[in-house]
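S.K.: One predicted model, sequence on top.
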Amino acid sequence: MKIIIVKDSNEGGQKGFEVFQKAKQSGAKVFGLATGSTPITTYQNICDSDLDFTQDVSINLDEYVGLAANNPQSYHYFMQKNWFDKKPFKRSFVPDGKAVDISKELKYYDQVINNHPVDLQILGIGRNGHIGFNEPGTPFDSTTHEVALTKSTIDANSRFFDNENEVPKSAISMGLSSIMKSKHILMEAYGEKKAKAIQAMIEGPVTPEVPASILQKHDNVTVIIDEAAASLLKK
Ligand code: GLP
């Protein structure tokens, strides 16, 4: 793993932007995207730049079950506001949280990923080491699946909702084996709340108990973290 330690998320967003810029210069056409507060500075820099994605495809990691694309709390809506409205792709895929037949949607999404191999996948990390919505215990060979969210993830995400009861209890997530197929993975993490997960991801054993630890097995991962998120690293 290539680890870049930055001062804060603003500097991280600049470095994150440079990773996207370089990937595009090398011909990347399919971008795996994440939501959450972490990638926002990278997305801002991208949207303020002259990079053009109108010939490219984006595939998002996950979506809450039960939320429509126009629901302000949905990940689809987040992507519209933080990226797609400002800089459109030729085609953008986000799992359909309102799909009538969820198992059909899961299969369809796997097909989307197989038809458009991801060149660069951006990831955030949950406090318990989850990536996408792959919670601890998710098998490493998982493909797109429906996930029951853990209490810690529901608590962490409740800040975006009026109260905790409104946080959906399940989600659709790209699986760990799908994420691992991406040619290049960019992980960003900021703040001391992420320090334990970052230490376990980089220096701990590779175990489904820390889903992000699977990234140790990928040969092209760039990690951008601030000093607080790096504070528990031993080396
Ligand atoms: C959610 C998302 C993840 C994201 C994580 C961290 O659980 N499903 O993709 O990485 O939150 O979010 P944040 O960046 O806001 O800390």
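M.R.: Okay, I see it.
S.K.: C-alpha from now on. contacts and neighbour counts both.
M.R.: Fine.
S.K.: What residues does the chain have near the ligand?
M.R.: Proximity of the chain to the ligand, by C-alpha under 6 Å from any ligand atom, involves residues 34-38, 123-126, 131-133, 153.
S.K.: Can you flag the buried ones in those?
M.R.: Burial by neighbour count, judged by 16 or more other C-alpha atoms under 10 Å, picks out 34-36, 38, 123-126, 131-133, 153 from the residues of the chain next to the ligand.
S.K.: Out of those, flag the one nearest to Ala171.
M.R.: Distance to Ala171 across these (C-alpha to C-alpha) is lowest for Phe133, with 7.1 Å.
S.K.: Tell me the pLDDT of that closest one.
M.R.: Per-residue confidence (pLDDT) for Phe133: 95.
S.K.: With Asn71 instead?
M.R.: 94.
S.K.: Run a quick neighbour tally on it.
M.R.: Neighbour count for Asn71, taken as other C-alpha atoms under 10 Å: 12.
S.K.: top helix in this protein by residue count?
M.R.: Secondary structure assigned by DSSP state H gives helix 9-25 as the longest helix of the chain.
S.K.: Counting neighbours, which bits of the next helix-or-strand element following that helix end up buried?
M.R.: Elements were assigned by DSSP states H and E; along the chain past helix 9-25, the next helix or strand is strand 30-33. The neighbour-count check on strand 30-33 (16+ other C-alpha under 10 Å) flags 30-33 as buried.
S.K.: Much appreciated, bye for now.
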